[in-house]
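J.: Have a look; sequence and predicted model below, questions after that.
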Amino acid sequence: MKRKYSKAEEDTDLDMTPMMDIVFIMLIFFIVTTSFTKETGIEVNRPGAQTAERQQQGNILVAISANNEIWIDKREVDVRAVRANIERLHVENPEGAVIVQADRESKNGILVQVIDQIRLAGVNNVSLAATLE
């Protein structure tokens, strides 16, 4: 006995287009709402302070290592190149502050030179990073 299939039974495929649309919309949502953390490129042993505060807005990070190397945007830079790098990053993020993460073993003179170069780049909102004690 041969069973006959009607035309309606043969065309019962599942349409995947609406599901793919939902997946793409969810992907776009997660990409837009993801916040990216910026890093300086080195680990810094920051000094402690009892009045340390957490800043929430997007910031430009500058790190000074224990052996007085200056790191911006995961690259080591010379103190004379700090101004140009900060100007470039400040154009990309004009509302952001500059946070200097100086190691507790770094020299004070390098820190003053870096802050001076940041201010010469046109950024007056400069903070020093510290750990809360």
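T.: Looks like it came in fine. Numbers count the residues shown, from 1 in each chain.
J.: Next SSE downstream of whichever helix or strand residue 110 is part of?
T.: Using DSSP states H and E, residue 110 maps to helix 108-120. Later in the chain than helix 108-120, the nearest helix or strand by DSSP H and E is strand 126-128.
J.: Which residues outside that following strand are in contact with it?
T.: Strand 126-128 has contacts (Cβ atoms under 8 Å, 6 or more residues apart in numbering) with 55, 97-100, 102, 115, 118-119. To be clear about C-beta, it is placed using only N, CA and C from the backbone, and glycine gets the same treatment.
J.: sorry, back to before: output the contacting helices and strands for the helix holding residue 110.
T.: strand 60-64, helix 82-92, strand 98-102, strand 126-128 (3 or more Cβ pairs under 8 Å, 6 or more residues apart in numbering; DSSP states H and E).
J.: Please name whichever of the ones you listed is nearest to residue 27.
T.: For the helices and strands packed on helix 108-120, proximity to residue 27 was assessed by Cβ to Cβ; helix 82-92 is nearest, at 24.9 Å.
J.: Need the three-state assignment for residue 31.
T.: Put simply, residue 31 is helix when judged by DSSP: H, G, I helix; E, B strand; the rest coil.
J.: For this structure, name the helix or strand with the lowest mean pLDDT.
T.: Using mean pLDDT, DSSP states H and E, helix 7-10 stands out as the lowest-scoring helix or strand of the chain, at a mean of 56.
J.: Low-confidence regions, this protein specifically.
T.: Low-confidence segments of the chain, defined by pLDDT under 70: 1-12, 35-58, 132-133.
J.: My guess is residue 86 contacts residue 125. True?
T.: No: in this structure, residue 86 is not within contact of residue 125 by Cβ atoms under 8 Å, at 11.6 Å.
J.: Including mean neighbour count, could the helices and strands packed on helix 108-120 go into JSON lines?
T.: JSON lines is the format used below for these (neighbours: other Cβ atoms under 10 Å):
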{"stretch": "strand 60-64", "mean neighbour count": "25"}
{"stretch": "helix 82-92", "mean neighbour count": "17"}
{"stretch": "strand 98-102", "mean neighbour count": "22"}
{"stretch": "strand 126-128", "mean neighbour count": "15"}
